[in-house]
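**Q** here is a sequence together with a model predicted from it:
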Amino acid sequence: MDTLAVTGGEVLRPDHSIDPADVLIDTVTGTIDAVVEPGEVDADRELDASGGLVVPGLVNAHTHVAMTLFRGSADDKQLDDWLQEDIWPVEAELQAGDVRAGAALGIAEMIRSGTTAFADMYFFMPEVAAVVEEAGVRARLGHGAITVGKDDEAAHEDFRAGLEFAREYDGTADGRVRTMFTPHSLTTVDESFYREYVPKAREDDIPIHFHANETENEVDPLVEEYDQRPLEYADDLGLLAENSFLAHGVHVDDREIELLAERETAVIHNPASNMKLASGMAPVQKLLDAGVPVGLGTDGAASNNDLDMFDEMRDAAMIGKLAAGDARAVDAPAAVEMATAGSAAAVGFDSGRIEAGANADLAVIDLDKPHLTPRHDLLSHLVYAVKGSDVRHTVCDGTVLMADRELQTLDLEEVIDDARERAEALFDRAQA
Ligand SMILES: N[C@@H](CCSC[C@H]1O[C@@H](n2cnc3c(=O)[nH]cnc32)[C@H](O)[C@@H]1O)C(=O)O
Ligand SMILES: [Zn+2]
């Protein structure tokens, strides 16, 4: 066994208690071997966490990581206009190299803000898988498939590609890449495609992830056409299951919430994106109270505009209170749970907890900062005061991906230069 010990820090435990401890990691299996009293470990290597808080690596359970190339290109618009007028025309010009550059940029940003795993639906997913492999993070990846604006043949091609990617890439990058089947949304995919392809995904036990109930415009047409709420329709299509997770769930009624709880289907809450696109306020406390599994995501950088999960926790707590009209709603423990164990369970990774047996995915936060002083309650700090830039070290699968803010697996300067060039050329092509 080759070992790495994260020493000298305070450790956030699964029960949300925080106390001084050292974390012993088996770097061969990439799992946590033990969490022990300070000063008791004997390891091959040490990572100094003194003066720091050791937390599970955050899990960004819904994003489109290569959309970092779109950051700041289309702000202050409603979802439908934003997608149709700004995003889709540029995405039509995307090339594999753009997705690779955008993914590298997004993954660098996530490592630098303590996120060790993410779920992503987008184009050219083999490129994303390649960057995940190189960067050392963990991801659940799916080729986003859509039927609107496509002829039948092209749409079938898209769906076949989705299943093929899911089958071919699952378990690659030493098991750090897992896959999923990702029909884009309930309103952008024709019913006949759901009827045809969902059973195929289910047969192979491929998890399913899709956008649902994000705006009222995604609810009303379905109610009109099917005389069913969107998630009743989704249930009819076989979309709701324990290994399914949906993004948004902003406009859901009580019957839909009950259905989600019954089916154990997770909702990934994307508070910044929901606020920025004025999609609405997800009833997160209500979902939690009903027993619906809830995870947290940033969505793409074009609707956020960053991939910092600490910002997202804060946003979740803030908007959760507003949505409930109750300052007690979505408290700090709930927000932390969503970003760690909640997201990890939704995405299907044994991460999000610092405990023997779990994946060795963690981040060390530097607490020696004015905005983190004094230390009345470190859990409160995590949600309300810590920023991604306070992360000192990031570890995934037992490998150090950032040490003292230096990326170990990616060349940050190169990543930034490449993304800048690619973004410029992409938008030039789109405007031509
Ligand atoms: N293969 C599909 C691509 C779907 S990828 C996922 C899509 O979701 C889009 N997207 C990003 N954020 C959101 C959101 O909040 N709601 C709905 N779609 C989004 C994103 O721009 C991308 O077009 C095609 O041929 O169009
Ligand atoms: Zn999305």
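**A** Structure's in. What do you need? Ligands and ions are numbered 1, 2, ... in the order given.

**Q** what's the separation between Ala139 and Asp158?
**A** Using C-beta to C-beta, to the nearest Å, Ala139 is found at 21 Å from Asp158. Backbone N, C-alpha and C define where each C-beta goes, glycine included.

**Q** should've said Leu79
**A** Using C-beta to C-beta, Leu79 is found at 21 Å from Asp158.

**Q** and the strands in the stretch 51-200 of the chain?
**A** Along the stretch 51-200 of the chain, the stretches classed as strands by DSSP state E, counting those that start in this stretch are 52-56, 58-63, 115-122, 138-145, 177-179, 182-183.

**Q** between Ala139 and Asp158, who's got more neighbours?
**A** Counting neighbours by other C-beta atoms under 10 Å for Ala139 and for Asp158 shows that Ala139 has the greater number, 30 against 20.

**Q** okay, and the beta partners of that one?
**A** Partner residues in beta bridges with Ala139, using DSSP bridges, are Phe118, Val177.

**Q** cool, and Leu58?
**A** With DSSP bridges applied, Leu58 shows beta-bridge pairing to Thr115.

**Q** in contact with it, which residues?
**A** When the contact criterion is C-beta atoms under 8 Å, 6 or more residues apart in numbering, the partners of Leu58 are Ser113, Gly114, Thr115, Thr116, Met309, Phe310, Ala339, Thr340, Ser343, Ala363.

**Q** next helix or strand past the helix or strand containing the last one?
**A** Taking DSSP states H and E as the criterion, Ala363 maps to strand 362-366. Read in the C-terminal direction, the helix or strand following strand 362-366 is helix 378-384, with elements assigned using DSSP H and E.

**Q** quick one: strands adjacent to the following helix or strand past that following helix?
**A** Proceeding C-terminally, helix 378-384 gives way to strand 391-396 as the next helix or strand, assigned by DSSP H and E. Here strand 391-396 is paired, per DSSP bridges, with strand 362-366 (antiparallel), strand 399-403 (antiparallel).

**Q** quick one: mean pLDDT for the last one?
**A** When pLDDT is averaged along strand 399-403, the result is 98.

**Q** other SSEs contacting the helix or strand that it is followed by?
**A** Tracing the chain past strand 399-403, the next element assigned as helix or strand by DSSP H and E is strand 406-407. Based on contacts counted as 3 or more C-beta pairs under 8 Å, 6 or more residues apart in numbering; DSSP states H and E, the elements that strand 406-407 packs against are helix 96-112.

**Q** ok, Leu69 - contacts?
**A** Asp98, Ala101, Gly102, Leu105, Ala419, Arg422, Ala423, Leu426.

**Q** go on, Glu93?
**A** Leu426, Arg429, Ala430.

**Q** and if we set it to 10 Å?
**A** The neighbourhood of Glu93, defined by C-beta atoms under 10 Å, 6 or more residues apart in numbering, consists of Ala425, Leu426, Phe427, Asp428, Arg429, Ala430, Gln431, Ala432.

**Q** and the residues you listed, which is closest to Arg176?
**A** Closest approach to Arg176 among those (C-beta to C-beta): Leu426, at 27.6 Å.

**Q** right, I'll leave it there.
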